[in-house]
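**Student:** I'd like to go over a predicted model; first the sequence, then the structure.
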Amino acid sequence: MTFSPRRALPDDAAAVAELAERTFVDTFASQNRPQDVAAYLAQTYGAEIQRREIEDPNTMTLIVDHAGTLIAYAQLKLSPAAVEIGRFYVDRSHHGRGVAQALMDASIASASSTGAQRIWLGVWEKNARAIAFYAKCGFRDIGWHPFLLGSDLQTDREMELML
């Protein structure tokens, strides 16, 4: 099966918000306090928040649709020298089916098209599956930075790929 990521449109905001919340909860809720997850969801997702991000000229949201349902998304934060993958999530039911690789390929191509020198991301140090995927895609670990989930200060590994 072939997956074709496309750029999100403002009309996709509600579907992106739903997917964002669901995949975040699926990925992190079991390892974090419910109040921290709820606080993060409230400040980060929601249809209007997603609409503003989709309309932001310095942000590119890529989505993957399958049978009329969003199954994956990546959010790229654009700047002249570097592009940050701020979010990268695939619905659990589609893990291992090539969706993540198609979305990463589109993310790297989009970053390259901006003229940026590198693409980078932060990934929770306890998310071994994601770290392994990013390494397989050619990203290398270059350090760490703090990430605040609700009131819990956590550590993200910082990974980059030179373009």
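**Tutor:** Perfect, thanks for sending it.

**Student:** what segments of the protein are helices?
**Tutor:** Defined through DSSP state H, the helices belonging to the chain, from first to last, are 13-28, 34-44, 47-55, 99-113, 128-136.

**Student:** those: which one's closest to Thr61?
**Tutor:** Checking these against Thr61 by CB to CB gives helix 47-55 as the closest, at 5.1 Å. C-beta here means a position set from N, CA and C on the backbone, and glycine is covered the same way.

**Student:** the closest one vs helix 34-44, what angle?
**Tutor:** For the pair helix 47-55 and helix 34-44, the angle between their directions (axes from the mean of the first three to the mean of the last three CA atoms, to 10 degrees) equals 50 degrees.

**Student:** related to what we said a few turns ago, can I get the helices of the chain in JSON lines with mean pLDDT?
**Tutor:** Conversion of the helices of the chain to JSON lines gives the following (pLDDT from 0 to 100):
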{"stretch": "helix 13-28", "mean pLDDT": "95"}
{"stretch": "helix 34-44", "mean pLDDT": "94"}
{"stretch": "helix 47-55", "mean pLDDT": "97"}
{"stretch": "helix 99-113", "mean pLDDT": "96"}
{"stretch": "helix 128-136", "mean pLDDT": "96"}
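
**Student:** let's have those helices in TSV, adding distance to Val64 and mean neighbour count.
**Tutor:** Putting these into TSV (distance: least, CB to CB, whole Å; neighbours: other CB atoms under 10 Å) gives the following:
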stretch	distance to Val64	mean neighbour count
helix 13-28	10	18
helix 34-44	20	15
helix 47-55	15	17
helix 99-113	6	19
helix 128-136	15	14
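
**Student:** which of these sits closest to Leu70?
**Tutor:** Taking CB to CB, helix 13-28 is the member of the helices of the chain nearest to Leu70, at 4.7 Å.
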